[in-house]
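Visitor: fold the following for me, if possible:
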Amino acid sequence: MTDEEYERKIVIPGEIIAEGDDYLPGEGTEKKEGKIYSLRYGLADEQNKLVKIIPLSGVYQPRRGNVVIGKVELLTYNGWVIDIGTAENAFLSLMEVPRFVNKDALEEVMDIGDLVVAKVWNINRRGIDLSIKIRGLGKIDEGIVVKINPNKVPRVIGKEGSMISLVKDKTNCNITVGQNGLIWIKGQRIEDELKAKEAINFITEKSFVKGLTDEVTKWFDEAK
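Guide: Predicted coordinates for the structure are as follows:
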């Protein structure tokens, strides 16, 4: 199998996706008798002879250091319970807010239903702890929020941020990509925000295509 022959394709569990001693099994695969089999439904991908499966669906798996976008679900005496799309909700403590907060007036900072950009700073048995102490984090007051499959986030960001930088440049929007699949778009005009949303949807729909950056550039040129 040459690199030209290897196109990303949808595979099912048990399907042979590569043969030969040169190929190594990566995430979502196993190797038996020189053949690499898929263990899950998704896109087969090969880079530097390492074969892996990119899942097409699934829930967000939080990791320490991730930037996420969540929705305030509940106010407690010492913070906010935030829905970030995980099995269990996350928690933002008063101690992780970069300003004084009156315990009797938490809603003045964030109320139920508000959206917030936060960072996962700890994961333990008790749950997921969030922080908004870093610049650029906090309550979302303007712009629009787009939801995509969390597994498509790496494609939207691109190699070293190349893809999302392209969208920012072409739309003049500030874009914050949450690892949990929520993306905040803020531009000078609603038309710019909607164009950025369209571009992100285009990227997620074409995420299996090789040379996707060129395809997105072409899409922008044709959309003018």
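
Visitor: please make it C-alpha for all contacts and neighbour counts, starting now.
Guide: Fine.

Visitor: give me the buried positions along stretch 183-192.
Guide: 183, 184, 185, 186, 187, 192 (16 or more other CA atoms under 10 Å).

Visitor: what's the answer for stretch 138-153, then?
Guide: Applying 16+ other CA under 10 Å to stretch 138-153 flags 138-140, 143-153 as buried.

Visitor: and what of stretch 149-166?
Guide: Neighbour-count burial for stretch 149-166 flags 149-157, 163-166 (criterion: 16+ other CA under 10 Å).

Visitor: the lengthiest helix in the chain - contacts with which helices or strands?
Guide: Taking DSSP state H as the criterion, the chain has its longest helix at helix 190-205. With contacts taken as 3 or more CA pairs under 8 Å, 6 or more residues apart in numbering; DSSP states H and E, helix 190-205 sits against helix 153-157, helix 162-171, strand 182-186, helix 212-223.

Visitor: for the buried residues of stretch 183-192, could you give me JSON lines that also reports distance to residue 122 and pLDDT?
Guide: Formatted as JSON lines, the buried residues of stretch 183-192 follow (distance: CA to CA, whole Å; pLDDT from 0 to 100):
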{"residue": "183", "distance to residue 122": "22", "pLDDT": "97"}
{"residue": "184", "distance to residue 122": "23", "pLDDT": "97"}
{"residue": "185", "distance to residue 122": "26", "pLDDT": "97"}
{"residue": "186", "distance to residue 122": "28", "pLDDT": "97"}
{"residue": "187", "distance to residue 122": "32", "pLDDT": "95"}
{"residue": "192", "distance to residue 122": "35", "pLDDT": "95"}
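
Visitor: can you redo those as a markdown table with distance to residue 88?
Guide: Converted to a markdown table, the buried residues of stretch 183-192 look like this (distance: CA to CA, whole Å):
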| residue | distance to residue 88 |
| --- | --- |
| 183 | 20 |
| 184 | 22 |
| 185 | 26 |
| 186 | 29 |
| 187 | 32 |
| 192 | 35 |
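
Visitor: between the residues you listed, which is nearest residue 210?
Guide: Here the nearest of these to residue 210, counting by CA to CA, is residue 183; it sits at 23.1 Å.

Visitor: so who does the nearest residue to the closest one once chain neighbours are set aside touch?
Guide: The shortest distance from residue 183 to any residue other than its chain neighbours is 4.5 Å, reached at residue 177 (CA to CA, 6 or more residues apart in numbering). Residues near residue 177 by CA atoms under 8 Å, 6 or more residues apart in numbering: 67, 68, 153, 157, 183, 184.
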